[in-house]
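S.K.: got a structure for you, letters missing:
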């Protein structure tokens with residue numbers, strides 16, 4: 001958190017300098033600040049992921065699968081087979097519903 005506040009302070013100092021903000025293009029110093037912020041956020045997210053409990057990781061995996069097109073395709077096939085079988089279009093397979 002200290003690093004983030006230092007970054008914010010640095011950005012505020014850059015913005016409040018005596019340069020006019022009209023027509024001002026951020027220079028390499030601003031790019032370094034932005035890069036440092038992104039790296040800090042990425043590392044923070046990685047740390048959160050490492051600290052997750054098993055239940056949370058399992059819930060994330062289930063959510064990823066149920067939100068995927070693979071999930072949709074599997075259900076299309078299963079429900080399609082169910083309909084085809086129960087309409088009697090496959091005489092070798094008995095209707096079950």
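M.R.: Thanks, I have it. For clarity, every value in this text was computed on a predicted model and none was experimentally measured.
S.K.: now stretch 68-88: mean pLDDT?
M.R.: What stretch 68-88 shows for mean pLDDT is 97.
S.K.: run the chain-centre distance for that stretch.
M.R.: Stretch 68-88 sits 29 Å away from the centroid of its parent chain (CA atoms, centre = their mean, to the nearest Å).
S.K.: please apply the same query to stretch 35-45.
M.R.: Shown here is stretch 35-45, whose average C-alpha point lies 15 Å from the average C-alpha point of the whole chain (CA atoms, centre = their mean).
S.K.: buried sites along that stretch?
M.R.: Neighbour counts using 16 or more other CB atoms under 10 Å place residue 37 of stretch 35-45 among the buried residues. From N, CA and C alone the C-beta is placed, and that goes for glycine too.
S.K.: give me the phi and psi angles of residue 94.
M.R.: Torsion angles at residue 94 (phi, psi; degrees, to the nearest 10) stand at phi -70, psi 150.
S.K.: from residue 81, how far out is it?
M.R.: Computed as CB to CB, to the nearest Å, the residue 94 to residue 81 distance reads 13 Å.
S.K.: looking at these two, which is more packed in?
M.R.: Looking at residue 94 and residue 81 with other CB atoms under 10 Å, you find the greater number of neighbours at residue 81, namely 12 against 9.
S.K.: and that one, how far is that from residue 69?
M.R.: Distance, residue 81 to residue 69, using CB to CB: 19 Å.
S.K.: contact partners for residue 95?
M.R.: Residue 95 makes contacts with 85, 86, 88, as judged by CB atoms under 8 Å, 6 or more residues apart in numbering.
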